[in-house]
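In: Take this sequence and fold it.
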Amino acid sequence: MRLYVFRHGPAGERDAKRWPDDSLRPLSRAGRSRAAAAVRGIRAACKPLPAVILTSPLLRAHQTALLAQSGLRLPPRALKNCEALQPGRPVQALLDALAEHGEQPVMIVGHEPDLSRLVAHLACGQPGGVALELKKAGLCVLDVQWQPQPQATLLALLRPAVLRALGR
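Out: Here you go, the predicted model:
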(Lines give C-alpha, C1' and ligand atoms only; values in the text may rest on other atoms or scores of the structure.)
Protein backbone atom coordinates (compact mmCIF):
# COMPACT_ATOMS: atom_id res chain seq x y z
CA MET A 1 0.00 0.00 0.00
CA ARG A 2 1.21 3.48 -0.82
CA LEU A 3 0.37 5.58 2.25
CA TYR A 4 0.33 9.36 2.15
CA VAL A 5 0.48 10.85 5.65
CA PHE A 6 -0.69 14.48 5.37
CA ARG A 7 -0.82 16.78 8.37
CA HIS A 8 -3.64 19.30 8.46
CA GLY A 9 -2.90 22.86 7.41
CA PRO A 10 -2.30 25.77 9.79
CA ALA A 11 -5.35 26.45 11.95
CA GLY A 12 -6.54 29.45 13.92
CA GLU A 13 -4.76 30.08 17.20
CA ARG A 14 -6.07 28.17 20.18
CA ASP A 15 -8.62 30.41 21.86
CA ALA A 16 -11.05 28.93 24.37
CA LYS A 17 -13.34 31.95 23.98
CA ARG A 18 -13.68 31.60 20.21
CA TRP A 19 -13.54 27.78 20.14
CA PRO A 20 -14.47 26.30 23.53
CA ASP A 21 -14.43 22.94 21.76
CA ASP A 22 -10.98 22.73 20.14
CA SER A 23 -12.26 20.10 17.70
CA LEU A 24 -14.19 22.94 16.00
CA ARG A 25 -11.10 25.13 15.44
CA PRO A 26 -10.91 25.72 11.66
CA LEU A 27 -8.06 26.27 9.26
CA SER A 28 -6.94 29.87 9.10
CA ARG A 29 -7.25 31.75 5.80
CA ALA A 30 -3.50 31.29 5.26
CA GLY A 31 -3.86 27.64 6.32
CA ARG A 32 -6.44 27.00 3.60
CA SER A 33 -4.19 28.62 1.02
CA ARG A 34 -1.07 26.72 2.14
CA ALA A 35 -2.87 23.38 2.30
CA ALA A 36 -4.36 23.90 -1.18
CA ALA A 37 -0.90 24.78 -2.55
CA ALA A 38 0.57 21.68 -0.88
CA VAL A 39 -2.14 19.54 -2.51
CA ARG A 40 -1.15 20.93 -5.93
CA GLY A 41 2.39 19.71 -5.18
CA ILE A 42 1.09 16.30 -4.16
CA ARG A 43 -0.88 16.06 -7.39
CA ALA A 44 2.18 16.99 -9.44
CA ALA A 45 4.71 14.77 -7.67
CA CYS A 46 2.98 11.73 -6.19
CA LYS A 47 2.03 8.66 -8.14
CA PRO A 48 -0.13 6.75 -7.77
CA LEU A 49 -2.59 9.24 -6.35
CA PRO A 50 -4.62 8.04 -3.38
CA ALA A 51 -7.91 6.31 -4.05
CA VAL A 52 -9.22 7.06 -0.54
CA ILE A 53 -8.69 9.86 1.97
CA LEU A 54 -9.25 9.01 5.63
CA THR A 55 -9.58 12.06 7.83
CA SER A 56 -9.72 12.92 11.48
CA PRO A 57 -13.18 14.24 12.31
CA LEU A 58 -11.67 17.43 13.81
CA LEU A 59 -12.67 20.41 11.67
CA ARG A 60 -9.18 21.58 10.67
CA ALA A 61 -8.23 18.09 9.45
CA HIS A 62 -11.58 17.61 7.69
CA GLN A 63 -11.18 20.95 5.91
CA THR A 64 -7.67 19.93 4.80
CA ALA A 65 -9.01 16.57 3.58
CA LEU A 66 -11.73 18.35 1.57
CA LEU A 67 -9.05 20.48 -0.09
CA ALA A 68 -7.13 17.29 -0.89
CA GLN A 69 -10.20 15.51 -2.25
CA SER A 70 -11.00 18.46 -4.51
CA GLY A 71 -7.41 19.23 -5.55
CA LEU A 72 -6.63 15.58 -6.33
CA ARG A 73 -9.91 15.39 -8.27
CA LEU A 74 -11.26 12.46 -6.28
CA PRO A 75 -14.98 11.76 -6.07
CA PRO A 76 -16.75 12.84 -2.85
CA ARG A 77 -17.17 9.19 -1.80
CA ALA A 78 -13.34 8.91 -1.61
CA LEU A 79 -13.36 11.03 1.57
CA LYS A 80 -14.13 9.15 4.78
CA ASN A 81 -14.12 10.16 8.44
CA CYS A 82 -11.89 7.91 10.51
CA GLU A 83 -12.34 7.90 14.28
CA ALA A 84 -8.90 6.26 14.63
CA LEU A 85 -7.36 9.56 13.45
CA GLN A 86 -8.67 11.51 16.43
CA PRO A 87 -5.80 12.83 18.57
CA GLY A 88 -4.53 10.41 21.18
CA ARG A 89 -5.93 7.21 19.67
CA PRO A 90 -3.67 4.12 19.73
CA VAL A 91 -1.55 3.36 16.67
CA GLN A 92 -3.16 -0.09 16.44
CA ALA A 93 -6.61 1.43 15.87
CA LEU A 94 -5.28 3.30 12.85
CA LEU A 95 -3.42 0.24 11.55
CA ASP A 96 -6.68 -1.70 11.73
CA ALA A 97 -8.52 1.05 9.81
CA LEU A 98 -5.79 1.16 7.14
CA ALA A 99 -5.68 -2.62 6.72
CA GLU A 100 -9.32 -2.52 5.58
CA HIS A 101 -8.16 -0.79 2.37
CA GLY A 102 -5.88 -3.59 1.23
CA GLU A 103 -3.31 -2.50 -1.33
CA GLN A 104 -5.06 0.61 -2.69
CA PRO A 105 -3.20 3.90 -2.15
CA VAL A 106 -4.55 5.81 0.85
CA MET A 107 -4.05 9.31 2.24
CA ILE A 108 -4.62 10.00 5.91
CA VAL A 109 -5.11 13.51 7.25
CA GLY A 110 -4.55 14.01 10.94
CA HIS A 111 -2.57 15.51 13.78
CA GLU A 112 0.82 15.52 15.43
CA PRO A 113 2.31 13.80 17.33
CA ASP A 114 0.07 10.88 16.32
CA LEU A 115 1.10 10.90 12.66
CA SER A 116 4.81 10.79 13.56
CA ARG A 117 4.13 7.94 15.98
CA LEU A 118 2.45 5.99 13.18
CA VAL A 119 5.38 6.57 10.83
CA ALA A 120 7.87 5.53 13.53
CA HIS A 121 5.87 2.41 14.28
CA LEU A 122 5.68 1.39 10.64
CA ALA A 123 9.25 2.31 9.70
CA CYS A 124 10.99 1.02 12.83
CA GLY A 125 8.52 -1.30 14.51
CA GLN A 126 8.25 0.87 17.59
CA PRO A 127 6.81 4.28 18.47
CA GLY A 128 10.14 5.87 19.47
CA GLY A 129 12.15 4.28 16.68
CA VAL A 130 12.64 7.41 14.60
CA ALA A 131 12.34 11.09 15.36
CA LEU A 132 10.67 13.20 12.73
CA GLU A 133 8.49 16.26 12.64
CA LEU A 134 5.69 16.50 10.16
CA LYS A 135 5.05 20.19 9.56
CA LYS A 136 1.54 21.53 9.07
CA ALA A 137 0.53 20.77 5.46
CA GLY A 138 3.59 18.50 5.19
CA LEU A 139 3.57 15.01 3.72
CA CYS A 140 5.22 11.71 4.48
CA VAL A 141 5.06 8.94 1.85
CA LEU A 142 5.40 5.29 2.87
CA ASP A 143 5.32 1.97 1.11
CA VAL A 144 3.50 -0.31 3.58
CA GLN A 145 3.70 -4.10 3.62
CA TRP A 146 1.14 -5.88 5.81
CA GLN A 147 2.69 -9.37 6.05
CA PRO A 148 4.09 -10.85 8.20
CA GLN A 149 3.45 -7.71 10.25
CA PRO A 150 2.82 -4.06 9.32
CA GLN A 151 6.06 -2.38 8.29
CA ALA A 152 6.98 0.37 5.89
CA THR A 153 9.73 1.90 3.84
CA LEU A 154 9.93 5.68 4.09
CA LEU A 155 9.89 7.02 0.53
CA ALA A 156 9.69 10.76 1.17
CA LEU A 157 9.28 13.38 3.86
CA LEU A 158 8.21 16.61 2.16
CA ARG A 159 8.05 19.94 3.90
CA PRO A 160 5.16 22.25 2.96
CA ALA A 161 7.46 24.69 1.14
CA VAL A 162 8.73 21.85 -1.08
CA LEU A 163 5.18 20.73 -1.86
CA ARG A 164 4.17 24.30 -2.72
CA ALA A 165 7.19 24.63 -5.03
CA LEU A 166 6.33 21.33 -6.74
CA GLY A 167 2.81 22.57 -7.36
CA ARG A 168 3.82 25.76 -9.15
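In: Hmm, residue 133 and residue 116 touching each other?
Out: Yes: taking C-beta atoms under 8 Å as the contact criterion, residue 116 and residue 133 are neighbours in contact, 6.8 Å apart. Heads up, the C-betas are built off the backbone N, CA and C, glycines and all.
In: which stretches of the chain form strands?
Out: Secondary structure of the chain, counting by DSSP state E: strands at 2-7, 52-55, 79-81, 106-110, 139-145, 151-158.
In: Comparing those strands, which stretch has the densest surroundings?
Out: Across the strands of the chain, the average number of neighbours (mean count of other C-beta atoms under 10 Å) peaks for strand 106-110, which reaches a mean of 27.
In: now it against strand 2-7, angle please.
Out: Strand 106-110 runs at 20 degrees relative to strand 2-7, counting by axes from the mean of the first three to the mean of the last three C-alpha atoms, to 10 degrees.
In: what helices or strands is strand 106-110 leaning on?
Out: On a contact count with 3 or more C-beta pairs under 8 Å, 6 or more residues apart in numbering; DSSP states H and E, strand 106-110 meets strand 2-7, strand 52-55, helix 59-71, helix 91-99.
In: Where does pLDDT dip in this protein?
Out: In the predicted model of the chain, residues 126-130 satisfy pLDDT under 70.
In: so what's the closest residue to residue 40 other than its chain neighbours up against?
Out: In space, and not counting its chain neighbours, residue 40 is closest to residue 167: 2.9 Å by C-beta to C-beta, 6 or more residues apart in numbering. If a contact means C-beta atoms under 8 Å, 6 or more residues apart in numbering, then residue 167 has 37-44 as its contacts.
In: now with 10 Å?
Out: When contacts are counted by C-beta atoms under 10 Å, 6 or more residues apart in numbering, residue 167 is found next to 36-45, 71.
In: and of those residues, the nearest to residue 97?
Out: If you rank the contacts of residue 167 by distance to residue 97 using C-beta to C-beta, residue 42 comes first, at 20.9 Å.
In: Could you verify my assumption that that closest one touches residue 71?
Out: Yes: checked against C-beta atoms under 10 Å, the pair residue 42 and residue 71 is within contact range at 7.6 Å.
In: Perfect, that will be all.
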